[in-house]
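Chemist: The following block contains a protein sequence and its predicted model.
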Amino acid sequence: MSLRRGRAVARRIIFQLRRDHRTLGLIFVVPLAVLALLGYLVRLPSSVAIGIETSGSPPEETAAQALESAPGLRVVRLAPGAGEAELQAGGIAGLVKRAPTPSGAAGVIFELTVEGSDPSKSALLLSRVPAALARSLAQLGGGAAPQVSVRYLYGGPQFDPLDYFAPALVPTFAFLFVFLLTSVSFLRERTQGTLERLMASPLSRLELVLGYMGGFGLFAVVQSAVILLFAVFVLRIHYVGNLGIVFLVQAILTVLAVNLGVLLSGFARNEFQAVQFMPMVVFPQALLAGVFWPVNDLPVVLRLVAQALPLTYANEALREVMIRGAGLQSTAVLRDLLVLTAFAGLFLALAAMTLRRRAG
């Protein structure tokens, strides 16, 4: 074994990377940017909106004041009867209202309704609200034990954390692996000269991209179906909506990921750079598209960025279907499907427009 020959190989690699400014940027700049974004999001101050219906009676006012003093809660005072609509519209994560006291029973009863689609918000409400209400009821005296009943608008105690995160994790994993598969495979077509030979044929650029989309897309859709079926039948996640709609969202997302992989592979010179695009394209979407932090809780600037990311609409659609039980008649689901289809068409058109430059 010769150390001299080993040093010569290492020196060649170092000089090669020093001249490749794009690779150096992907190695050093992108990870720092993603880490900075993650650090910023983790340290964001957060609060959960809790509504309380109050007519000004002492029990309701005392309960409202107790909730306002509880950490992590942002109290929204509502008129009697207005809470359900606000809860279903997503303006609040939970609702407190006074429940009727059964005949012959003593004391005051409050009902906490948890919206239930976000596990982190539900957990905070269940840990803070009953305790605050119990303190407020104890202050009223009367000798009766305080009573707080809990019900869920969506989800419920049978849903574990994986059930809640599945609508976001399933499309994220499908998007990640499909994008990686397509970008590396299409780059190999270009570096091996296959793409150049096809460009010399009578095929138009759009026909060529459609062909690649069909070939890669078939395997991508099958992979997406395998991920979904594994989550449902092996991990046994709970869901309440139509599984066919879930697969439709997944299929459109995978076609979108194929088109994006074909598009961005033209900006990579080798497979290493294609892989390095992953933290630049996938990780910011995982952080901003509602996988870990609700989009509505992000600062305004990051919320605007999230609304320009395809994964945001896939996550929202699957959450609507799998947790809230929405169908194709839902305006939110239809909007998300249309936006995903528009993204897929946009990436397809851009890929066809830039194909000539890639073949060279």
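Modeler: Looks like it arrived, so ask away.
Chemist: Tell me where the longest helix sits in the protein.
Modeler: For the chain, the longest helix by residue count, based on DSSP state H, is helix 161-191.
Chemist: low-confidence ranges in the chain?
Modeler: The model of the chain has pLDDT under 70 over residues 1-2, 5, 13, 16-17, 20-27, 102-107, 137-146, 270, 273, 356-360.
Chemist: make it 50
Modeler: Scanning the chain for pLDDT under 50 picks out 143, 357-360.
Chemist: tell me the strands in it, going along the chain?
Modeler: For the chain, the strands defined by DSSP state E occupy 48-53, 73-78, 94-99, 109-114, 147-152.
Chemist: Same list (these) but as JSON lines, adding distance to Pro167.
Modeler: From N, CA and C alone the C-beta is placed, and that goes for glycine too. Below are those laid out as JSON lines (distance: least, Cβ to Cβ, whole Å):
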{"stretch": "strand 48-53", "distance to Pro167": "20"}
{"stretch": "strand 73-78", "distance to Pro167": "25"}
{"stretch": "strand 94-99", "distance to Pro167": "20"}
{"stretch": "strand 109-114", "distance to Pro167": "17"}
{"stretch": "strand 147-152", "distance to Pro167": "16"}
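Chemist: just to revisit the earlier point, give the buried residues for the longest helix of the chain.
Modeler: Applying a neighbour-count criterion of 16 or more other Cβ atoms under 10 Å, one finds 163-164, 166-187, 189-190 buried in helix 161-191.
Chemist: What of stretch 74-85?
Modeler: For stretch 74-85, the neighbour count (16+ other Cβ under 10 Å) marks 75-76, 78, 83 as buried.
Chemist: Tell me the span between the first and last residue of that stretch.
Modeler: This stretch, stretch 74-85, spans 18 Å end to end (Cα to Cα, to the nearest Å).
Chemist: which outside residues touch that stretch?
Modeler: Residues outside stretch 74-85 that contact it (Cβ atoms under 8 Å, 6 or more residues apart in numbering) are 47-55, 64, 67-68, 86, 91-92, 95, 97, 113.
Chemist: Among these, name the buried ones.
Modeler: Buried among the contacts of stretch 74-85 by 16+ other Cβ under 10 Å: 48-54, 64, 67, 86, 92, 95, 97, 113.
Chemist: any idea which of those is closest to Ala220?
Modeler: Minimum distance to Ala220 across those is 37.3 Å, recorded for Val48 (Cβ to Cβ).
Chemist: For that closest one, give its distance to Met353.
Modeler: For Val48, the distance to Met353 equals 45 Å [Cβ to Cβ, to the nearest Å].
Chemist: That's all I had, so thanks and see you.
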